[in-house]
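Asker: Below are the sequence and a predicted model; questions follow.
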Amino acid sequence: MYSRILGTGGYLPEQVRTNADLERMVETSDEWIIERTGIKERRIASEQETAAYMGTEAAKKALESARLQPADLDAVICATTSSQYAFPSCACEIAGALGLAGVPAFDVAAACSGFSYAYAIAHAMIMSGQAQKILVVGADRISHACNPQDRTTIILFGDGAGAAIVGASDEQGTLAVHLSSDAKRAPLLTLPHPVRGRPSSESDYLYMKGNEVFKQAVVILAGLVNQTLEKAGMSDADLDFLVPHQANLRIITATARKLHLDMSRVIVTLDKQGNTSSASVPLALDEGIRSGRIQRGHVLLLESFGGGFTWGSALIRY
Ligand code: COA
């Protein structure tokens, strides 16, 4: 028995925040943001577009693409660090909104690496026979946790949700997963949640020492992609697509270079979405599939890096 992806879906809020909008909020420029990050616009969730709401919408699309009904699912895992409630979990809210009861539902907190963690757990549950079809969601509204006056963070983050249905199969979809963390540099990237999602003082906002995080991300991701390929006994020549976490185009191009991959074989969504935290990898995967670039049989390397620090990957044959 193996695990593989049966379907994917995504949800983005309607409201667009462009670089021109940011020029009116903080001292910055469209040129600076594009040159340093690659981001042109991002989506901003309304009050109603909670992590659970966005996650549910992404889940419905993933179920549709897998030709499944909510009742076919036997677990719900949601990666998020910006859900409205500590409890009920975002996964329980999503299960409830889908009319699903009697199955395990729980959240995973690993910041921007959340989807990689949730995917690896789903894979392990399937391999151990605990579940046959699992809804794995990444849903975040981190833009609301950024200080609107902090030009080093407000330019980066957008909101959204992505989802995948991971199912048992006699075809090997998941070739290798790798998860890791190291708290030594945790203070470089933090988000307190004294009042979840509603910052009321300066110290409640997301904090990031951007250039330090940048350097660490490049080094950690270079090691991660090699370790993942090694685990599966594969090399970069076997890869069809890199589906990276969308934090910064310069980080993505550095990882692609390391893998000797032309940028035409890298899924990039951050120009339109910014960094959507745990939603970024499943949204990029969904975009790659829906655009027709990713086809059944392609070998994909999904990777992510985030606060904690945490990092994770999945090497899959779609
Ligand atoms: N507009 C204009 N200038 C800005 C700016 C903005 N939005 N943000 C910072 N600057 C300024 C800085 O104040 C600094 O000015 P100084 O030289 O006068 O002190 C200068 O630009 C360079 O700052 P620096 O932080 O070194 O820039 P950078 O090239 O590292 O880019 C980030 C900043 C945040 C875009 C980049 O570091 C990054 O993307 N980091 C990683 C982010 C990430 O991956 N985070 C999440 C992990 S999940």
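Answerer: Yes, it's here.
Asker: Give me the next element, helix or strand, following the top helix by length along the chain.
Answerer: Ranked by residue count, the top helix of the chain under DSSP state H comes out as helix 210-231. For helix 210-231, the succeeding helix or strand toward the C-terminus, using DSSP states H and E, is strand 241-244.
Asker: How about residues contacting that following strand?
Answerer: The set of residues external to strand 241-244 that reach it, using C-beta atoms under 8 Å, 6 or more residues apart in numbering, is 221, 225, 251-252, 255-256, 259, 261, 265-267, 281, 284-285, 288, 293-294, 298-304. Placement of C-beta: from N, CA and C, glycine included.
Asker: got it, and stretch 247-256?
Answerer: Applying C-beta under 8 Å, 6+ apart, the set of residues contacting stretch 247-256 is 36-39, 112, 156, 214, 217-218, 221-222, 225, 242, 244, 246, 262-263, 265-266, 268, 270-271, 275, 280, 303, 305.
Asker: In it, which residues are buried?
Answerer: Residues 247-249, 251-256 are the ones in stretch 247-256 that count as buried (16 or more other C-beta atoms under 10 Å).
Asker: Name the nearest residue to the residue of the stretch 201-318 of the chain found nearest the ligand, ignoring sequence neighbours.
Answerer: Closest residue of the stretch 201-318 of the chain to the ligand, C-beta to the nearest ligand atom: residue 210 (2.8 Å). Leaving aside its chain neighbours, residue 210 sits nearest to residue 152 (5.3 Å; criterion: C-beta to C-beta, 6 or more residues apart in numbering).
Asker: Am I right that the one you found falls within a helix?
Answerer: No - Residue 152: not assigned to a helix; according to DSSP: H, G, I helix; E, B strand; the rest coil it is coil.
Asker: tally of neighbours for it?
Answerer: Neighbour count of residue 152, defined by other C-beta atoms under 10 Å: 15.
Asker: Buried among the contacts of stretch 247-256? Need that as a selection in ChimeraX.
Answerer: Command for ChimeraX, covering only those of those found buried under the criterion 16+ other C-beta under 10 Å:
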select :36,37,38,39,112,156,214,217,218,221,225,242,244,246,266,268,270,275,280,303,305
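Asker: near the ligand too, which of the contacts of stretch 247-256?
Answerer: 36-37, 112, 214, 217, 275, 305 (C-beta under 6 Å from any ligand atom).
Asker: residues in the stretch 51-200 of the chain within reach of the ligand, list them.
Answerer: 112, 151-152, 155.
Asker: pretty sure residue 103 is touching residue 96, no?
Answerer: No - using C-beta atoms under 8 Å, residue 103 makes no contact with residue 96, being 11.3 Å away.
Asker: shared neighbours, the two?
Answerer: Counting by C-beta under 8 Å, 6+ apart, nothing touches both residue 103 and residue 96.
Asker: hmm, back to that, neighbours of the residue of the stretch 201-318 of the chain closest to the ligand, how many?
Answerer: Residue 210: 17 neighbours (other C-beta under 10 Å).
Asker: With residue 144 instead?
Answerer: Neighbours of residue 144 (other C-beta under 10 Å): 18.
Asker: doesn't it fall inside a helix?
Answerer: Yes - per three-state DSSP, residue 144 lies within a helix segment.
Asker: Relative to residue 305, how far out is it?
Answerer: 22 Å (C-beta to C-beta, to the nearest Å).
Asker: Show me where the stretch 51-200 of the chain has its strands.
Answerer: Counting by DSSP state E, counting those that start in this stretch, one finds strands in the stretch 51-200 of the chain at the ranges 75-79, 105-108, 133-141, 159-169, 174-181, 189-190.
Asker: Does residue 278 touch residue 79 like I think?
Answerer: Yes - applying C-beta under 8 Å, one finds residue 278 in contact with residue 79, separated by 3.9 Å.
Asker: Need the residues touching each of the two.
Answerer: Shared contacts of residue 278 and residue 79, counting by C-beta under 8 Å, 6+ apart, come down to 110, 114-115, 118, 138-139.
Asker: can you pick the most crowded of these?
Answerer: residue 139 (40 neighbours).
Asker: Residue 282 is in contact with that one, correct?
Answerer: No - counting by C-beta under 8 Å, residue 139 does not reach residue 282; the two are 9.2 Å apart.
Asker: That concludes my questions; thank you for your assistance.
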